[in-house]
Every structure is written in structure tokens, then in C-alpha cells.
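Student: Sequence and predicted structure below; questions after.
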Amino acid sequence: MVKSESEPKLTLWQKAFVRDLEWRKDELRSVVFWLIAAFSLSIGSILGVLGLRGLPCLIVYFVGVVVAPSMYWSNFLGIDEQDFGGKMEILNDSIGSGAAMFMLSWRLEKMSDQEAMHVTLVKYESGLGVPGIMAPQISNSVEISAAPNGGQIVRQTFDNNRPGSKQTGELSANSAATVLNLVTQLTALPVTSKHGGPDVFGANTVVLVRQGKQVVWGYNPGAGCCAGPDAETEFTVSSDHKAQFAEIVSSIYQAGETAL
């Protein structure tokens, strides 16, 4: 009769060493997964703050909030129930933190959008409007969104008051700063709260300045419409104001043209 050899028994020190080794392997994998999650969430937050929304931002958030924690969750097999519950609690906290970071980046993005100054210039040709019958002929329009770190410009031409070609470009930080400075000068000029009056500045240009949805400054003369000899002028401007308005509008055009 052959006696079966019993499995070698490990000493207490050897058992402790094996447990410590397994624990270190598990913790090393955990550290790697959490680093992936943290890196992905950080990149996603940066993309959100910079305004780079869309598929790339969603991918990095998916990796940070779902993929990396799921890889970590795959290591739960083979552990006791108490440890499993503790690690599941950590996982829930991580997903909550990811959602919080997503909301923070979204709020920062909205704040940065509100800080941007939006300038709209509409150039029309004088003498072509008939009061109450025909609107003035629009030549072109320029829309500029300027923030401290840069901006965008969209230039639209018109043919017989119908949209024509469109050009878009990115403003540099210097050009955007120039536009913001010009807007500050523009808002210092007197302006009427009544729309449709005569073009007292004489620049054949409609101007609208807003921050977010709030209108900061606006000038909307009636040009040909409501600009006849009997039209009442709600406010008067000096020759200096006319020169300043023309120079500011021209400078805004020039600052935007550099990006096209």
C-alpha cells in the first residue's frame, strides 16, 4: 500500500510572505488602473475647459469613469465578501468623483463662454433704402467672439441682401485683446435706446455688443428706413464722437481681418 504524500505545509512566515506578495500585486494593479482613471478624467476636464467638446472628450471620460474602474473591478474575483464590499464602495466614490469633475469642467466651460465678448458689425450701403418700403442694401456682416485667450471671427458677404460667401478664422490672443480694448472704447460713446433712428454716427454700420445673452452696447440706425428729413434724433453726437466711432469700427474690422 502506497502512502500518498501530503502537500508540504508552509510555515507562518511563508504564508505571511505569500499573502504580502499577493496583496502587493493586487495593489500595484489597482494603482495602475486608478492612474489611468485619474489621467483620463484630468485630460477630459482640460478638454472641456478649453472648449474641445465632442467625441474626444466623451472618450476620455468614458475611459476614466467606466473602463478603468471596470478593469479594477475585474480584480474583485477571489476576494472575500467584506473586501469586495469595501472596494465596491471605493468604486462608487470614484464614479461620483468623475461625475463631479465632469460637471466642474462643464461649469468652467460655461463661465468661459460667458466671459467672451461677442461683437456683431453689419455694414450697409447708404442711400438705397426707402422709408417704410425698402430696407437698406447690406454689404457684409462680421461676428467676432473675443476672450482673453483668443477668439473666432465669421465674415458673411451679401448679394442683393441674400447671404453669399462665408469666411471663418481663429483670433490670436493679441487680436482678441485688441478687440476687447476697442469694445471698451466703444461702450464709452453715447448711444440711443431707441432703434430705427437716423444714422447719427454716419458710418453706415449696425453694431451689437453682448456678453452671453446680455446686450452690453448696441447701435441700430434705420438707415434708409425711418431716416428721412422729418426723422427725430433722440440724441446728438459731436464730430469727435463720429470720428471715434468710425475709427473703432475700422479697427475692429482690421483686427478680425488678420484671422481670415
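Tutor: Arrived safely.
Student: just for the protein, where's the confidence low?
Tutor: Filtered on pLDDT under 70, the chain yields the residue ranges 1-115, 126-135, 192-197, 222-236.
Student: So it: which segments form each domain?
Tutor: 12-112, 116-257 (automatic domain parsing).
Student: quick one: G202 and S239 touch, right?
Tutor: No: checked against Cβ atoms under 8 Å, the pair G202 and S239 is beyond contact range at 10.0 Å. No exception for glycine: its C-beta is placed from N, CA and C like everyone else's.
Student: quick one: which of those two has more around it?
Tutor: G202 (14 against 8; other Cβ atoms under 10 Å).
Student: and the more buried one, what helix or strand is that in?
Tutor: Per DSSP states H and E, G202 falls between elements, in no helix or strand.
Student: Next: G151.
Tutor: Assessed by DSSP H and E, G151 sits inside strand 150-159.
Student: Who are the packing partners of that strand?
Tutor: Strand 150-159 is packed against strand 137-147, strand 162-171, helix 173-186, with contacts defined by 3 or more Cβ pairs under 8 Å, 6 or more residues apart in numbering; DSSP states H and E.
Student: which stretch among those comes nearest P198?
Tutor: strand 137-147 (17.3 Å; Cβ to Cβ).
Student: Surely T120 is in contact with S145?
Tutor: No: taking contacts as Cβ under 8 Å, T120 lies outside contact range of S145: 10.0 Å.
Student: residues touching A173, list them.
Tutor: P148, N149, G150 (Cβ atoms under 8 Å, 6 or more residues apart in numbering).
Student: what do you get if the cut-off is 6 Å, keeping everything else the same?
Tutor: Neighbouring residues of A173 by Cβ atoms under 6 Å, 6 or more residues apart in numbering: N149, G150.
Student: With S139 instead?
Tutor: K123, E125.
Student: distance of it from G151?
Tutor: S139 sits 23 Å away from G151, going by Cβ to Cβ, to the nearest Å.
Student: Tell me the secondary structure of E247, please.
Tutor: helix (DSSP: H, G, I helix; E, B strand; the rest coil).
Student: Against Y124, how distant is S141?
Tutor: 10 Å.
Student: Looking at those two, which is more packed in?
Tutor: Neighbour tally, S141 and Y124, criterion other Cβ under 10 Å: the higher count belongs to Y124, 22 against 18.
Student: Test my guess that the more buried one contacts I138.
Tutor: Yes: using Cβ atoms under 6 Å, Y124 makes contact with I138 at a distance of 5.1 Å.
Student: Check which residues of the one helix or strand H118 maps to are buried.
Tutor: Here H118, judged by DSSP H and E, is contained in strand 117-125. Under the neighbour-count criterion of 16 or more other Cβ atoms under 10 Å, strand 117-125 has M117, H118, V119, T120, L121, V122, K123, Y124 buried.
Student: Also stretch 157-164?
Tutor: F158.
Student: Would you mind measuring the gap between the ends of that stretch?
Tutor: 5 Å (Cα to Cα, to the nearest Å).
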